[in-house]
Every structure is written in structure tokens, then in C-alpha cells.
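In: Whatever this is, show me its structure:
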Amino acid sequence: MDLLATTSAVAVSSYALLSTIYKSAQALYAQPAIDSSMQDSLGRSEVDLPSVDVIVPCFNEDPITLAECLESLASQDYTGKLQVYVVDDGSANRDLVAPVHKIYANDPRFSIILLANNVGKRKAQIAAIRSSSGDLVLNVDSDTILAADVVTKLVLKMHDPQIGAAMGQLIASNRSQTWLTRLIDMEYWLACNEERAAQARFGAVMCCCGPCAMYRRSALALLLDQYETQFFRGKPSDFGEDRHLTILMLKAGFRTEYVSDAIAATVVPDRLGPYLRQQLRWARSTFRDTFLALRLLPELDGYLTLDVIGQNLGPLLLALSSLAALAQLLIAGSVPWWTGLTIAAMTMVRCSVAAIRARELRFLGFSLHTPINIFLLLPLKAYALCTLSNSDWLSRKVANVPVDGEEQSVILHPNAGRSAASKWGMSSTSRKARVSQCSSSLTATESVCGSDRSTACK
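Out: Residues are numbered from 1 along each chain as shown. All right, here's what the predicted structure looks like:
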């Protein structure tokens, strides 16, 4: 029994030491650096602004959610050329979303691509990328709403030709819905403003998240074939497209960045089942591309090596200490006080630091994430590691959509008259009410709206 106690104590002490070093370095590097050149760029003339293609892949999306997403794109304050490509990936509910497509059918900035069959998010993106020609490509999920200045702020960051990709900050549009959505919203804040912000200090954000990520087309042209034909153990790999494309950008020698004030609100799971399925898919993707990213570490700053160690060895030590402590409790009947107190102390310190940095006391409630992590997410990650070859989306169902003829896609030149939303059944009053739901999550000059729905992230 002494062996179990010793194992638990050593593992949790090692976890505490590693986490202290890693999180201290992360907090130090996550502090925003002032980039005066960004402000100088604001004075550039409109003619100098690069053209931007926005790609929105859709699969069985809720019509209201899609309408809000497209409305936020139509309302962007970007003064350069902006084209939006909405790719319906063989949705089974195409009749339901057709009125949304019709709203944008007369706007020359919008094009709708209707794929005959479901081919997956990655190939849907690629279909639009190859049909477009803008200098920059912005990938946006169909359940995501952008603040009006997101395109402008991401474009300003991409002014440096060495930058291949940049992502904005994600928040949960349905944050107030359940205890889980509140927890995920805090998880997103930490992932963006701690993890990504620290990585961006060295120009190496390891995953430019799919809901809002901009890419340089000249870089995409070099990587598109690799991106399209990703395999893992001889099987095509479809999910985790954002992380894989980011790693390819870094391998090609481009920088990847994070823009904290480019705010995007996205729908997050409101129930444990969808959340765990999402986390399983993400865990498999992370493990697959971590192996690929290891080859990059010698070329990157030493902090990135610490980051990989902290994110992978830390959970392993936590799992080992928890298992040993649980065995000690069940077999010997003795309470593993040292392990419990150490984990509790580390949790409260992290939550307190987050509350201070975010200036919001609600982050003290993120302590609830620790038991979820220990009893649900760590076993799930172990399962993900043992089933890496499984490429099932888990939350997606292939839709068989009957299509006349052999044509694989239909491209319309769609509409966006903002007043046309009322023709689809959304009164201006209800639209304003929906916009106001998320406005408190943004700064005074940035507002993002989101519907309060219970749909899991795809």
C-alpha cells in the first residue's frame, strides 16, 4: 500500500512542478505585445487592401443559425473586396435552408455552392477555395457569428507576408444556456488568451481554430494537395482539418498568429453527450498532428517544446496520480490527502489567475472543470489514443440528397439584402433581440449575436 501512496505522491508532485513551470511561462508570454505597425496600417488606402474570400461549409445547419452567420458576414465593415462562398455539403435539410440561400441570391458578394453529395467539411472547403481567387481566405463555421470588424482586424495581421494563418478569439454564443456552456466559454477563453496567445508570441499558434481562421492564398496553393489527401494509417483523415492545416503552414515556414480582439461567437454543446463526442474527435486529431508537430520543435522557440510537454506529459502525470490515489482509497482505505490537496491547490491557483487576468470572478467556477477532466476527459483521451485510426465524426450523419442529373455543384450568385431577412420570417424586432443576447460579451464597439440553441459543435 505504501507503493500506491508513494506513486500517487510522486506523480502529483511532478504534475504540480511541471504545471507551475509551464503555466508561469504561459502567463508571461500570453501578455499582449503592442504592435505599432498594425495601427499604422489603418491609414492605408482602400485600393491597397487585399481581396478576401470567406468560405462557409454547411451540413444540415439550422436555418436561423445559418441566417445569423451570413448576416454577420454581410455586415462586415471591411472596405476591400469581400466574397462569401456558402458551400452546402449535401445537406438533407436543403429545402429548409433554401429560403436563407434565397435571401442572399441577389447580392453579388455571395455565391452558394450546392454539392450533390456529402463529401465532408474539408472537401467542401476545398471546392470553394478552388472556385475562388481572393488574396486571403477566411474559413468560418456555419454556426459562428463574427463581430463587424473581424475581417478588417485579421487582414491587418496578415499584412506581414511571413504570416500564413491567423485566428480570432472564440466565445460561446449560447454561454448562458446551461452550466456546461458557461464552462466551455471559460475553457475557450483560456485556450485563446493563454495557450494561443503565448504561442503567438513566437509566431507558432499550433491550431488556428476552424470557426474563424484566415489563410494566405499563396500559402494555401502550396499546401492544398497535402491538405486534401491527409491519411492516417492508410485511411483518409477528414476531421481535425484546422489543426492539420495549421501544422502544414508551420512546416512550410510560415508564421501562424492569434488576434485577440477579432471576436467570433460560436455555438457550443449544451449537454455532456455531445461535448464528450466532440472532445473525443478533437483528442484523436490532436494526437495525430502532435506526432507531426514534433518534427517542427527543433526549429521553433524552446517555449513551444515546453508547451507540447506541458499539454501531453501533464495530463499523463495527473492521470497516474489520480489512479494511484483511487486505488489507495479503495484497497487500503486510506485517504490520499496529499494528492487531493495538491490537485485542489493547483486548481484554485489557476482559476484565481484566470479571474484576475480576465477581470471576471466567474472564472473561479472553472474549478468544476477539474473533476470533469479527471473522471471524464482523461479516460476519454486514453480511449482516443487507443482508437486513433477511427475517423468517424461521431456527430455528423451522411446525408443522401437526391439530385437530378450528374451535375455535382450549382453555383448561384446570391443575395444579402439585410432587409430581406424579414421575407424569410425574421422580423427586425426579433433580429435585434437576438443580436443583443451576445452584445454584453464584446467591447462597446464590437457586437456579436448568437441564437440560444442546443446544437452541438460539429
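In: Just checking, which helix or strand of this protein averages the lowest pLDDT?
Out: Ranking every helix and strand in the chain by mean pLDDT, DSSP states H and E puts helix 428-439 at the bottom, with a mean of 38.
In: quick one, strands of this structure?
Out: 52-58, 82-89, 110-115, 136-140, 144-146, 163-172, 212-216, 231-232, 235-236, 255-266, 409-412 (DSSP state E).
In: got TSV for those strands, with mean pLDDT, distance to Thr387 and mean neighbour count too?
Out: Using the backbone N, CA and C atoms, a C-beta is placed for each residue, glycine as well. TSV is the format used below for the strands of the chain (pLDDT from 0 to 100; distance: least, C-beta to C-beta, whole Å; neighbours: other C-beta atoms under 10 Å):
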stretch	mean pLDDT	distance to Thr387	mean neighbour count
strand 52-58	98	25	26
strand 82-89	97	25	25
strand 110-115	96	29	23
strand 136-140	98	27	25
strand 144-146	98	28	29
strand 163-172	98	27	26
strand 212-216	98	27	26
strand 231-232	68	12	14
strand 235-236	66	12	12
strand 255-266	97	26	23
strand 409-412	42	34	14
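In: Which one, of those, ends up nearest to Thr152?
Out: For Thr152, the closest of the strands of the chain is strand 255-266, at 8.6 Å, according to C-beta to C-beta.
In: That closest one vs strand 163-172, what angle?
Out: Strand 255-266 and strand 163-172 are oriented at 30 degrees to each other (axes from the mean of the first three to the mean of the last three C-alpha atoms, to 10 degrees).
In: What helices and strands are in contact with strand 255-266?
Out: Applying 3 or more C-beta pairs under 8 Å, 6 or more residues apart in numbering; DSSP states H and E, one finds that strand 255-266 makes contact with strand 144-146, helix 150-157, strand 163-172, helix 197-200, strand 212-216, helix 241-251.
In: Relative to the whole chain's centre, how far out is that strand?
Out: With C-alpha atoms, centre = their mean, to the nearest Å as the basis, strand 255-266 stands 10 Å off its chain's centre.
In: circling back to that earlier point, out of the helices and strands packed on strand 255-266, the one nearest Tyr78 is which?
Out: Taking C-beta to C-beta, helix 150-157 is the member of the helices and strands packed on strand 255-266 nearest to Tyr78, at 4.2 Å.
In: In the stretch 301-450 of the chain, where is pLDDT below threshold?
Out: Along the stretch 301-450 of the chain, the parts satisfying pLDDT under 70 run over 391-450.
In: Please enumerate the helices of it.
Out: Ranges of helices in the stretch 301-450 of the chain, per DSSP state H, counting those that start in this stretch, are 302-327, 337-358, 369-372, 378-386, 428-439.
In: Distance to Gln226 for the ones you listed - can I get that in CSV?
Out: Shown next, in CSV, are the helices of the stretch 301-450 of the chain (distance: least, C-beta to C-beta, whole Å):
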stretch, distance to Gln226
helix 302-327, 21
helix 337-358, 37
helix 369-372, 35
helix 378-386, 24
helix 428-439, 37
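In: So which of those helices is nearest Val100?
Out: When these are compared by C-beta to C-beta, helix 428-439 sits nearest Val100, at 13.3 Å.
In: winner for burial among the helices of the stretch 301-450 of the chain?
Out: Counting by mean count of other C-beta atoms under 10 Å, helix 302-327 has the highest mean neighbour count of the helices of the stretch 301-450 of the chain, with a mean of 18.
In: counting contacts, what elements does that one pack onto?
Out: By 3+ C-beta pairs under 8 Å, 6+ apart, helix 302-327 packs against helix 2-29, helix 197-200, helix 272-293, helix 337-358, helix 378-386.
In: who touches the shortest one?
Out: Helix 197-200 is contacted by residues 25-32, 205-206, 256-258, 260, 303-304, 307 when judged by C-beta atoms under 8 Å, 6 or more residues apart in numbering.
In: let's see it at 10 Å
Out: 22-23, 25-33, 157, 166-167, 169, 191-192, 204-207, 255-260, 300-301, 303-304, 306-307 (C-beta atoms under 10 Å, 6 or more residues apart in numbering).
In: Was I right to think Tyr85 contacts Tyr104?
Out: No: here Tyr85 lies out of contact with Tyr104, judged by C-beta atoms under 10 Å, at a distance of 11.1 Å.
In: thinking again about what came up before, Asn118 is nearest to which of the helices and strands packed on strand 255-266?
Out: Going by C-beta to C-beta, the one of the helices and strands packed on strand 255-266 nearest Asn118 is helix 241-251, 15.2 Å.
In: Can you check what angle separates that closest one from strand 163-172?
Out: 150 degrees.
In: list the buried ones in helix 241-251?
Out: For helix 241-251, the neighbour count (16 or more other C-beta atoms under 10 Å) marks Glu241, Asp242, Arg243, His244, Leu245, Thr246, Ile247, Leu248, Met249, Leu250 as buried.
In: angle of it against helix 302-327?
Out: Using the same axes, to 10 degrees: helix 241-251 against helix 302-327 is 140 degrees.
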